[in-house]
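Asker: Sequence plus the predicted model coming up.
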Amino acid sequence: MFLKKITLLHEDIPSFSTYPFSIPSIRKLDELNLESNITFLVGENGSGKSTLLEAIADKCGFHTAGGGRNNSYEVFASGSSLSNYIRLSWLPKITNGFFLRAESFYHFATYLDEMDDPRAYNSYGGKSLHEQSHGESFLSLFLNRFNGDAIYLLDEPEAALSPARQLTFLKILHDLAEEGNSQFIIATHSPILLGCPNANILSFDNGEISKIAYEDTDHYQITKYFLQHREKFLADLLREDDE
């Protein structure tokens with residue numbers, strides 16, 4: 001592991017009534033210790049997990065629309081207002097890594113094409129990411145760009161992956177983490193990825209950030225119940241809509 005702790009600098013924050021400091025999980029953040037090479041961030045939309053991940057990426061010097069320290073391109077509103085108010089504690093400090101943001105990955109792929117340099121594709125499967133399907137381009141990134149001595153910040157990497165491809169990525173993730181020289185912080189809704197062995201899961205629900213067991217996540221419980229009781233689940237759900 002490289003990044004050990006994230007600290008919110010409360011004394012520097014001008015107001016907790018404005019976004020993103022008004023988000024309960026962010027407002028209550030004091031110090032967050034990272035205890036595993038793989039840390040998952042889970043929670044409902046708007047709970048603050050992607051906001052914190054973006055701030056970490058910005059503090060690392062990664063492009064907040066996606067990329068590493070050496071990637072520079074213009075995307076509207078790609079800054080992070082939270083990054084100025086967090087402190088990252090490293091041991092040792094590293095600068096290599098990548099920030100994947102599923103919703104803006106198109107812009108990163110376009111940036112590579114606009115470089116007009118075939119060597120730019122060497123770390124992404126040898127060809128334009130736009131010449132691959134969305135899922136294939138994600139796997140090209142994971143298989144070719146990800147290697148040791150680096151930190152990887154991923155925001156919903158499952159967005160373009162089928163369940164089978166999610167399992168492929170889980171294997172890549174596990175193998176890199178087991179080698180001991182790669183660290184991952186991942187915001188996800190995928191019950192498949194959350195099942196990765198030896199990972200820590202941090203929940204942003206209930207207005208705070210707290211460690212949670214895999215089986216206690218909504219992702220696991222809702223998916224399990226749906227698969228085991230699909231007809232009853234749908235009957236109850238659709239009956240609610242009719243009332």
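Answerer: Nice, I can see it. Just so we're clear, the structure is a prediction, and the values are computed from it rather than from any experiment. Residues are numbered from 1 along each chain as shown.
Asker: Could you use CA atoms for every contact and neighbour count after this?
Answerer: Noted.
Asker: give me every residue that touches Gly66.
Answerer: By CA atoms under 8 Å, 6 or more residues apart in numbering, the contact list for Gly66 reads 98-101, 104-105, 108.
Asker: ugh, wrong one, Ala199
Answerer: Per CA under 8 Å, 6+ apart, neighbours of Ala199: 36-40.
Asker: quick one: it and Ser36, what's the gap?
Answerer: When distance is defined by CA to CA, to the nearest Å, Ala199 is 6 Å away from Ser36.
Asker: that older thread, derive a PyMOL selection command for the buried subset of the contacts of Gly66.
Answerer: Buried subset of those, written as a PyMOL selection, criterion 16 or more other CA atoms under 10 Å:
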select buried, resi 98+99+100+101+105+108
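Asker: Dump the contacts of Gly66 into a markdown table; add secondary structure, pLDDT and distance to Ser81 as well.
Answerer: Below are these laid out as a markdown table (DSSP: H, G, I helix; E, B strand; the rest coil; pLDDT from 0 to 100; distance: CA to CA, whole Å):
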| residue | secondary structure | pLDDT | distance to Ser81 |
| --- | --- | --- | --- |
| Phe98 | strand | 90 | 20 |
| Phe99 | strand | 93 | 17 |
| Leu100 | strand | 88 | 19 |
| Arg101 | strand | 86 | 17 |
| Ser104 | helix | 72 | 18 |
| Phe105 | helix | 75 | 21 |
| Phe108 | helix | 75 | 21 |
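Asker: What is the most widely separated pair among the contacts of Gly66?
Answerer: Across the contacts of Gly66, the longest distance by CA to CA is 13.7 Å; it joins Phe98 and Ser104.
Asker: Count the residues that sit near Leu3.
Answerer: Close neighbours of Leu3, defined as other CA atoms under 10 Å, add up to 22.
Asker: For it, give its distance to Gly48.
Answerer: Distance, Leu3 to Gly48, using CA to CA: 19 Å.
Asker: Between the contacts of Ala199, which sits nearest Pro20?
Answerer: Phe40 (20.3 Å).
Asker: Same question for the helix or strand of the chain with the lowest mean pLDDT: list its buried residues.
Answerer: The helix or strand of the chain with the poorest confidence is helix 105-114; it has a mean of 76 (mean pLDDT, DSSP states H and E). Residues of helix 105-114 classed as buried by neighbour count (16+ other CA under 10 Å): 105, 108-109, 111-113.
Asker: what would the residues you listed look like in TSV with distance to Asp58?
Answerer: Shown next, in TSV, are those (distance: CA to CA, whole Å):
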residue	distance to Asp58
Phe105	16
Phe108	16
Ala109	19
Tyr111	18
Leu112	20
Asp113	23
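Asker: Look at Lys5 and give its secondary structure.
Answerer: At Lys5 the chain is in strand, as set by DSSP: H, G, I helix; E, B strand; the rest coil.
Asker: what sits against it?
Answerer: 31-34, 88-90.
Asker: Mark which of the residues you listed are buried, thanks.
Answerer: Applying 16+ other CA under 10 Å to the contacts of Lys5 flags 34, 88 as buried.
Asker: For His130, which non-adjacent residue is spatially closest?
Answerer: Ala109 (6.4 Å; CA to CA, 6 or more residues apart in numbering).
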